[in-house]
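K.L.:
Could you work out the structure for the sequence below:
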Amino acid sequence: MNVEIVGRNVTLTEPMKDHIQKVIDEVEKYNLGIMHAIVTVDKDKRDFFTVEIIMNIPEKGTAVVHYTDKDMYAALDKAKDKLEKLLRRYHDKIKDHRKKDRIEELIVEEEVDEIVEMPLDVEKPLTIDEAIEEFKNSGLYFMVFKDTHGEKRVIYRRKDGKLGLY
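P.N.:
The predicted model follows:
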C-alpha cells in the first residue's frame, strides 16, 4: 500500500510519522486491498489538530474520515476508530454477501418436496376426541374430518410437536 503523510502548519516528527504508519498498518487487517492512503495532519490557529485519512478501496471507492482534537495523537486515534468502524462494516458486508451466495447455491441443490395425493374420508362424522385418537394412531401430518355438527375440520401437527385444530 502506498501511504502519503502530509503535515499542514505543523512539522511532523519521526515519532508522529511512526505512529501514523502504525495506525495505517492496523487497518490493513480487513484485507480490502487498500491501494493508496493519504493522512493529513493540520494545525489551526487555535492549536487544534485535524486529522484526515483518505483511503482508496478497489470496487468501493474512497473512504474519508476526519477528527479534530487538542492533542494530535488523540485525534489520530479517534480518526482510526472511525475508519475501522467504516472498514469493518464494508468487510462484514462483503463477507455476508459471499455467505448469502453460498447459501443460495446450497438451497438450489436441495431436493424439492413432492405433493402426494391421499384419499380423504370425510363422510363419517367424528367427535373431536375420536378424531384426535384416530389422528395419533395414523402417523399423518394432518387429517381432514367432518365433526358431529357437519362442519369440515382439520387436525395437524405443529412444528413444536403439539396438535392444532382448525
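
K.L.:
What's the end-to-end length of stretch 39-50?
P.N.:
Across stretch 39-50, the terminal residues are separated by 10 Å (C-alpha to C-alpha, to the nearest Å).

K.L.:
Give the next helix or strand downstream of the worst-scoring helix or strand of the chain on mean pLDDT.
P.N.:
Sorted by mean pLDDT, DSSP states H and E, the helices and strands of the chain end with helix 72-109, the least confident at a mean of 73. Along the chain past helix 72-109, the next helix or strand (assigned with DSSP states H and E) turns out to be strand 125-126.

K.L.:
And the contacts of that next one?
P.N.:
If you take C-beta atoms under 8 Å, 6 or more residues apart in numbering as the criterion, strand 125-126 is touched by 134, 145-148, 150. Quick note: C-beta positions are derived from backbone N, CA and C, even for glycine.

K.L.:
Stretch 86-96 too?
P.N.:
Outside of stretch 86-96, the residues within contact range by C-beta under 8 Å, 6+ apart are 27, 30-32, 57, 60, 63, 65.

K.L.:
Repeat the analysis, applying 7 Å as the threshold.
P.N.:
Counting by C-beta atoms under 7 Å, 6 or more residues apart in numbering, the neighbours of stretch 86-96 from elsewhere in the structure are 27, 30, 32, 60, 63, 65.

K.L.:
Stretch 128-144 too?
P.N.:
120, 122, 145, 147, 152, 154-157, 163.

K.L.:
So for residue 26, what's the nearest residue that isn't a sequence neighbour?
P.N.:
Distances taken as C-beta to C-beta, 6 or more residues apart in numbering put residue 80 closest to residue 26, at 6.9 Å, once the chain neighbours are dropped.

K.L.:
Low-confidence ranges, the chain, go.
P.N.:
Regions of the chain meeting the criterion pLDDT under 70 cover residues 95-123.

K.L.:
Now the residue of the chain most remote from its centre. Nearest residue, chain neighbours left out?
P.N.:
Relative to the centre of the chain, and counting by C-alpha atoms, centre = their mean, the farthest-placed residue is residue 124 at 53.4 Å. The shortest distance from residue 124 to any residue other than its chain neighbours is 7.2 Å, reached at residue 146 (C-beta to C-beta, 6+ apart).

K.L.:
which SS state does the one you found fall under?
P.N.:
Look at residue 146: counting by DSSP: H, G, I helix; E, B strand; the rest coil, its state is strand.

K.L.:
residues near residue 49, how many?
P.N.:
For residue 49, the count of nearby residues is 20 (other C-beta atoms under 10 Å).
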